[in-house]
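> Model the following, please.
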Amino acid sequence: MRFTRLLALRYTFGLQKKVAVTLISRFAAFVIGVAVFAFFVVLSVFGGLREFGLQFTHAFDPDIRITSATSGQFNIDEDVFVTVQNHPEVALTSAALSQEMMLRFENRTAFANIIGVDSLFYAVVAGETMVGDWVQPGAYELVLGIGVLSQLDSAAYDHPEGITLLVPNKRGAGVLNQQPFSAQSAVVRGVFQIGASIDETTAYAPIDMVQQILGTRENQASALYIKLTDNADEIAVQQDLQKIVGNDYNTKTKAELNPALYKMLQTERVAVIAILTLVVLIALFNVVGAIIMTLLEKKGNIKTLHQLGATAPSLRRVFFMQGLLLSGLGSGLGLLLAILVVWLQKSFSFFSIPGSGLPYPVALEWSSFWTVVLVVGGLTTVVSWLASAVVKGVIKQ
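Numbering: from 1, shown residues only. Model prediction:
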């Protein structure tokens, strides 16, 4: 074993008689280093863009949301929800009451899901309004999605007369009840922008205003938003809370609130890894060329070693180890340089998104590191082993 290792080190790092062989070996290590560098940097950029995009998608999503599986509303004063709030890894809870309503401003109308939130809601989620202020408890105010505002006219923003919210009257229209809708005026205090699917269908209001419009009790809600403590295990806490509330309620994490988005991101990541794997595989052809060129140059030495008792498998291991060393040297340097570049960008923001001034997002993730190591290591092992098989043909000549 020591014989094969020493010979592999000599063939890899020693100067060959033919300068071209030495250059090909050095070039092979350089190319695989560039490929690995690109592999890790692209995965880190993809991870950064993923985190950057999810910040907007989850702007008004809690860590965990609890809703009823059997009805639209539930009583948040029940003992079960007191137990939820007392869970050691639950930092804050916020009640929300949502209802589809019609919004009217002058001669324009729009439909939106009005989500009534309490004073803790803004501390539970990470969202920020794009323009204006957040709703205040006890006030008749709204924060609209920019798509809803565009349907009503931008003049509705902070208009002194506000807009009118209409919801069907529970008693319905009849001879003794000529008002089919309950109406309430509210001033638009803020506007947010997350994504078209949310911006065009969602608005926020104080929960007491929504409760008044719907005629529900103060302790009624349609969802409980939960913020977890730092470093809490989201999945483990979700399982605990599901056991507490039982099958009559649904507990969902951020990922489960947007399953289609996460599936799309996962598919994109797999596609990126597949493309980068192909790039690494192409780069490894240079390692194959370096092994074969070394074999041809050392043909006489190989035959002599074989006649002195070196077996074909041991000689094959020499060139197999040469392939591993060339690839390991290049990929190791490329990976270290990539980690340094990503860390510098994350720490000092050398590159910005064109036209925005925002630092280009990157993410240092263990998943990216191990993906590169496993892909490059696996391909190198296979390619080097296949290329080293040429030694059998050299011995037979």
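
> going forward, measure contacts and count neighbours with C-alpha atoms only.
Will do.

> Residue 50 belongs to a helix?
Yes. Judged by DSSP: H, G, I helix; E, B strand; the rest coil, residue 50 forms part of a helix.

> The nearest residue to it once chain neighbours are set aside and residue 259, how far apart?
Leaving aside its sequence neighbours, residue 50 sits nearest to residue 265 (Cα to Cα, 6 or more residues apart in numbering; 7.5 Å). Distance of residue 265 to residue 259, computed by Cα to Cα, to the nearest Å: 10 Å.

> Give me the secondary structure label for the nearest residue to residue 381 once chain neighbours are set aside.
Spatial nearest neighbour of residue 381, chain neighbours left out: residue 324 (6.8 Å); criterion: Cα to Cα, 6+ apart. Three-state assignment for residue 324 (three-state DSSP): helix.

> Same question for residue 134.
Counting by three-state DSSP, the backbone at residue 134 sits in coil.

> Now it: closest residue in space, sequence neighbours ignored.
Nearest to residue 134 is residue 190, by Cα to Cα, 6+ apart, at 6.2 Å.

> and that neighbour, what are its bridge partners?
Beta-bridge partners for residue 190, by DSSP bridges, are residue 132, residue 143.

> how many other residues sit next to it?
23 (other Cα atoms under 10 Å).

> Go ahead and confirm it touches residue 136.
No. Using Cα atoms under 8 Å, residue 190 is not in contact with residue 136, being 11.2 Å away.

> and stretch 101-114, how far apart are its ends?
End to end - Cα to Cα - stretch 101-114 spans 7 Å.

> Measure how far it is from the centre of its chain, please.
Distance of stretch 101-114 from the chain centroid (Cα atoms, centre = their mean, to the nearest Å) equals 34 Å.

> contact partners of it?
98-100, 148, 151-153, 156, 162-167, 200-205, 210 (Cα atoms under 8 Å, 6 or more residues apart in numbering).

> Among those residues, the buried ones, what's the PyMOL command?
A single PyMOL command is used to select the members of the contacts of stretch 101-114 judged buried by 16 or more other Cα atoms under 10 Å:
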select buried, resi 98+99+100+148+151+152+156+162+163+164+165+166+167+200+201+202+203+204+205+210
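
> List the contacts of residue 83.
Contacts of residue 83 by Cα under 8 Å, 6+ apart are residue 244.

> Which positions within whatever helix or strand it lives in qualify as buried?
Using DSSP states H and E, residue 83 maps to helix 79-85. By 16+ other Cα under 10 Å, the buried positions in helix 79-85 come out as 81, 84, 85.

> tell me, how many neighbours does the residue lying closest to the last one once chain neighbours are set aside end up with?
Which is residue 85. Spatial nearest neighbour of residue 85, excluding adjacent residues (Cα to Cα, 6+ apart): residue 93 at 6.5 Å. Neighbourhood size, residue 93 [other Cα under 10 Å]: 23.

> how about residue 93, secondary structure?
Classified using three-state DSSP, residue 93 is strand.

> Touching, it and residue 229? I think so.
No. In this structure, residue 93 is not within contact of residue 229 by Cα under 8 Å, at 11.4 Å.

> pLDDT score assigned to residue 326?
pLDDT for residue 326: 87.

> repeat for the one 5 residues further on
According to the prediction, residue 331 has pLDDT 92.

> Please give the element, helix or strand, for it.
Assigned by DSSP H and E, residue 331 belongs to helix 312-348.

> Show me what that helix is packed against.
When contacts are defined as 3 or more Cα pairs under 8 Å, 6 or more residues apart in numbering; DSSP states H and E, helix 312-348 packs onto helix 2-13, helix 19-57, helix 259-297, helix 366-388, helix 390-396.

> Make TSV out of these and add mean neighbour count.
Converted to TSV, these look like this (neighbours: other Cα atoms under 10 Å):
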stretch	mean neighbour count
helix 2-13	16
helix 19-57	20
helix 259-297	17
helix 366-388	17
helix 390-396	15
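
> So which of those helices is nearest residue 70?
Proximity to residue 70 (Cα to Cα) singles out helix 259-297 among those, at 21.6 Å.

> Now do the end-to-end distance for stretch 295-312.
Stretch 295-312 end-to-end distance (Cα to Cα) = 13 Å.

> in that stretch, what's buried?
For stretch 295-312, burial by neighbour count (16+ other Cα under 10 Å) applies to 295, 298, 302, 303, 312.

> ok, these vs residue 128, which is closest?
Closest to residue 128, out of all of those and judged by Cα to Cα, is residue 295, at 64.2 Å.

> If we ignore the residues flanking it in sequence, what's nearest that closest one?
residue 391 (6.9 Å).

> correct me, but that neighbour touches residue 312?
Yes. Taking contacts as Cα under 8 Å, residue 391 lies within contact range of residue 312: 7.4 Å.

> Run through the stretch 251-397 of the chain and note the low-pLDDT ranges.
Counting by pLDDT under 70, the stretch 251-397 of the chain contains low-confidence residues at 306, 356, 392-397.

> What is the burial count for residue 184?
Applying other Cα under 10 Å, I find that residue 184 has 17 neighbouring residues.

> tell me which residues in the stretch of helix or strand it belongs to are buried?
Assessed by DSSP H and E, residue 184 sits inside strand 181-192. Along strand 181-192, the positions that meet the burial threshold by neighbour count (16+ other Cα under 10 Å) are 181, 183, 184, 185, 186, 187, 188, 189, 190, 191, 192.

> The helix or strand following that strand: which residues count as buried?
Note on strand 181-192: by DSSP H and E, the next helix or strand toward the C-terminus is helix 196-199. Using 16+ other Cα under 10 Å as the test for burial, helix 196-199 gives 198, 199.

> what about whichever helix or strand comes after helix 196-199, average pLDDT?
For helix 196-199, the following helix or strand on the C-terminal side (DSSP H and E) is strand 202-206. The average pLDDT for strand 202-206 rounds to 94.

> go on, stretch 238-249?
Stretch 238-249 comes out at a mean pLDDT of 91.

> go on, stretch 43-58?
84.

> how near is residue 124 to residue 257?
The value you get for residue 124 to residue 257, if Cα to Cα is used, is 16 Å.
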